[in-house]
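Trainee: after the sequence you'll find the predicted model.
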Amino acid sequence: MPRKARLDAEGAIHHVIIRGIEQRRIFDDDGDRRSFISRMAKVALESETTIYSWALLPNHAHVLMRSGPLGISKFMRRLLTGYAVYYNRRHERQGYLFQNRYKSILCDEEVYFKELIRYIHLNPLRARLVDDLAGLDHYPWCGHACVVNGNGPLWHDVSFVLSRFGDKGRDARRRYREFLESGIREDTGHTKGKWRSDWSLLEWLQEIRRTGDVEESDRDGRVLGGEKFVKSLITKKRKTPGPDLKELEELIHEACRKVGLSVEELLSGSRRANVTELRARLVRELVAHPAITLTDIGLLVGVSKSGVYKILEREV
């Protein structure tokens, strides 16, 4: 059965879940976790992708993000490809690190934003990586510590998260923490004080919110929101313009002129050093243009889609 295309639009909120192949670890130690966070920070800043919530578990990770101009697919490709190469080299292994494609659920921000923050940030507690909420307050591999302390790195938009809980910093942090505490009581209350560590996101939301507002996810698996939200997303996606190829062709002509090469030489597939250097530079510039595909870029610079992908891999 063919896999479904990802749903995305600039400014959309996604809950992304990354899992290790065959449920294997993707983080062996703090060095791995630091590398993943460092890469996520770099790609987020460069692609104008906003991170609101995140948690690293031994064999999977959760991230709540707002899609930037390049879209979620390019963001995740750069993040996961670079990290997989790093991990395999460091641990002297080969083969796939991640299970199939990452899972991305496009979410209705107005309805589910706070619930998703809570769900993601409680994952280390649910997985028993920390003993209690006080331990989670200082756990370094989850965005909760940044939010509860009211500060975070540039790539983690703590201010926006806290704005959902109040206008004043101290009061917002208190209400945020109380919101997490209420989630713990709800979760453990139904299991006599024990965590339901096997709960899926949908089970969590259904139990806490007790609404029927997840029917679109039940049918599709790619969207968490009602029919009105899905229709607005599709409309927005249809209005997204494609790349202006004429403008990009002019950019390429000018780049070739500056280094004394012809466009024909660029498109010839030549591997001369000056040609490959220009081609790599152009790929890095072109990938930043909204709505352009790797296939488009390949046609413009004279390589295949896989050739473009290899150039971008070297840049991660």
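Mentor: The structure has been received and is ready for your questions.

Trainee: need the contact partners of stretch 283-303.
Mentor: Contact partners of stretch 283-303, identified using CB atoms under 8 Å, 6 or more residues apart in numbering, comprise 10, 69-70, 74, 240-243, 245, 248-249, 251-252, 266-269, 279, 282, 304-305, 307-309, 311-312, 315. C-beta coordinates here come from the backbone N, C-alpha and C atoms, glycine included.

Trainee: what about these, which are in helices?
Mentor: 74, 245, 248-249, 251-252, 266-267, 279, 282, 305, 307-309, 311-312, 315 (DSSP state H).

Trainee: which ChimeraX command selects the buried ones in the residues you listed?
Mentor: Paste this into ChimeraX to select the buried members of those, with burial taken from 16 or more other CB atoms under 10 Å:
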select :74,248,251,252,266,267,279,282,307,308,309,311,312
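
Trainee: is it correct that residue 311 is in contact with residue 280?
Mentor: Yes: with contact defined as CB atoms under 8 Å, residue 311 reaches residue 280; the gap is 5.1 Å.

Trainee: which residues of this structure fall in strands?
Mentor: When assigned using DSSP state E, the strands of the chain occupy the ranges 13-19, 50-56, 60-66, 103-107, 223-224.

Trainee: among those, which comes closest to residue 138?
Mentor: The closest of the strands of the chain to residue 138 is strand 50-56. By CB to CB, the value is 14.3 Å.

Trainee: ok, for residue 132, nearest residue in space, not its chain neighbours?
Mentor: Of all residues not flanking residue 132 in the chain, residue 125 sits nearest, at 7.2 Å (CB to CB, 6 or more residues apart in numbering).

Trainee: what about the most far-flung residue of the chain relative to its centre, distance to residue 274?
Mentor: Farthest-out residue of the chain from its mean C-alpha position, per CA atoms, centre = their mean: residue 260, at 39.5 Å. Residue 260 is 8 Å from residue 274, where distance means CB to CB, to the nearest Å.

Trainee: number of nearby residues for residue 17?
Mentor: Other residues within reach of residue 17, judged by other CB atoms under 10 Å, total 16.

Trainee: my error: substitute residue 57 in the last question.
Mentor: Look at residue 57: counted by other CB under 10 Å, it has 20 neighbours.

Trainee: now swap in residue 115 and tell me
Mentor: When counting by other CB under 10 Å, one arrives at 18 neighbours for residue 115.

Trainee: need the contact list for the residue nearest to residue 265 when sequence neighbours are not counted.
Mentor: Spatial nearest neighbour of residue 265, excluding adjacent residues (CB to CB, 6+ apart): residue 275 at 6.0 Å. Contact criterion CB under 8 Å, 6+ apart gives 261, 265-266, 268 as the residues in contact with residue 275.

Trainee: now the buried members of those.
Mentor: Buried residues within the contacts of residue 275, defined by neighbour count using 16+ other CB under 10 Å: 261, 265-266.

Trainee: what's the pLDDT at residue 21?
Mentor: The per-residue pLDDT reported for residue 21 equals 92.
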